[in-house]
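Q: the amino acid sequence is not available; the structure is as follows:
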């Protein structure tokens, strides 16, 4: 099996690194200083699930040098999605699966529009990780899970083979028959996590023990559930309660990647998180006051350059 990782950041670096360590042919697409370090010193992963140092990895900034692959792990920041999808063309063969592992809910449709419906596979990564420095992925939680599935709900042989390869590499993976719902379920929690940790500039723990902040966190997720259900997604009406209970099980120092970007002065995925809930809610006539507050509060920082 041949896998390409677009790109070698916090998510792609972690899962691509675990696959490479198991013997799978993995090609990392990177740029800048991260590419230089990968070429010179390899990839390092620090994780409660076991540290890893791959002293040699196949890394490039040129997909043409890789050629067609079986699977592309599509894990770029949301604002880079369209350009990255176009860049993937040399990686695409007749049966290539492009698995979207991003934070929003529109990535699969974008891949369809650029690369064709036959290549787009919905996916969700449950992991708390950051690219701590070039060539170093720091994973801070006890979980690292992949969920992926064909848009039509069928079990295609290409995904069965990749699922088996992930399991052989020791990864927690689920092959889904309803990936749209799975994407929304991740989105609900991420909307809450990014909103509360971004606004407070603190990890999740303090917000769970403060009644006002806990209630606001809950409201963010309830609004996302209401919007999803209004769009016809098969979400349990009480799913926000489920995610609030789940939050009690994660490390108290868990932070959304949006907060990491905010503190570094990077561009934010705000438009694809709280902004997405507000936009879709407006279209559907679903009130979203909590997410509107997050959007307005973080809007001055969304283009980066400010902390």
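A: Yep, that arrived. Everything numeric here is computed off the predicted structure, so don't read it as measured data.

Q: who's the residue lying closest to residue 156 once chain neighbours are set aside bridged to?
A: Of all residues not flanking residue 156 in the chain, residue 150 sits nearest, at 5.3 Å (C-beta to C-beta, 6 or more residues apart in numbering). (Glycine included, C-beta is placed from N, CA and C.) Listed by DSSP bridges, the beta-bridge partners for residue 150 are residue 121.

Q: what's around residue 150, how many residues?
A: Residue 150 sits with 19 neighbouring residues when counted by other C-beta atoms under 10 Å.

Q: repeat that for the one 4 residues further on.
A: Neighbourhood size, residue 154 [other C-beta under 10 Å]: 9.

Q: pretty sure it is in a strand, no?
A: No. Residue 154 sits outside any strand when classified using DSSP: H, G, I helix; E, B strand; the rest coil, being coil.

Q: how much space between it and residue 65?
A: Look at residue 154 and residue 65: by C-beta to C-beta, to the nearest Å, they are 33 Å apart.

Q: where does residue 202 fall, phi/psi-wise?
A: The phi and psi values for residue 202, taken as degrees, to the nearest 10, are phi -140, psi 160.

Q: wait, residue 34 touches residue 8, no?
A: Yes. Using C-beta atoms under 8 Å, residue 34 is in contact with residue 8, at 6.3 Å.

Q: between those two, tell me which one has more neighbours.
A: residue 8 (30 against 22).

Q: need the contact list for that one.
A: By C-beta atoms under 8 Å, 6 or more residues apart in numbering, residue 8 lies in contact with 16, 28, 29, 30, 34, 35, 38, 43, 59.

Q: do the same with residue 303
A: By C-beta under 8 Å, 6+ apart, the residues touching residue 303 are 267, 268.

Q: same deal with the one 4 residues further on?
A: With contacts defined as C-beta under 8 Å, 6+ apart, residue 307 is in contact with 262, 263, 264, 265, 301.

Q: what strand or helix carries the first one?
A: Using DSSP states H and E, the element containing residue 262 is helix 257-264.

Q: if you count neighbours, what's buried in that helix?
A: Neighbour counts over helix 257-264 (16 or more other C-beta atoms under 10 Å) mark 257, 258, 259, 260, 261, 262 as buried.

Q: sec struct for residue 245, please.
A: Of the three states, residue 245 takes helix under three-state DSSP.

Q: for burial, what's the neighbour tally of it?
A: Count around residue 245 with other C-beta under 10 Å applied: 9.
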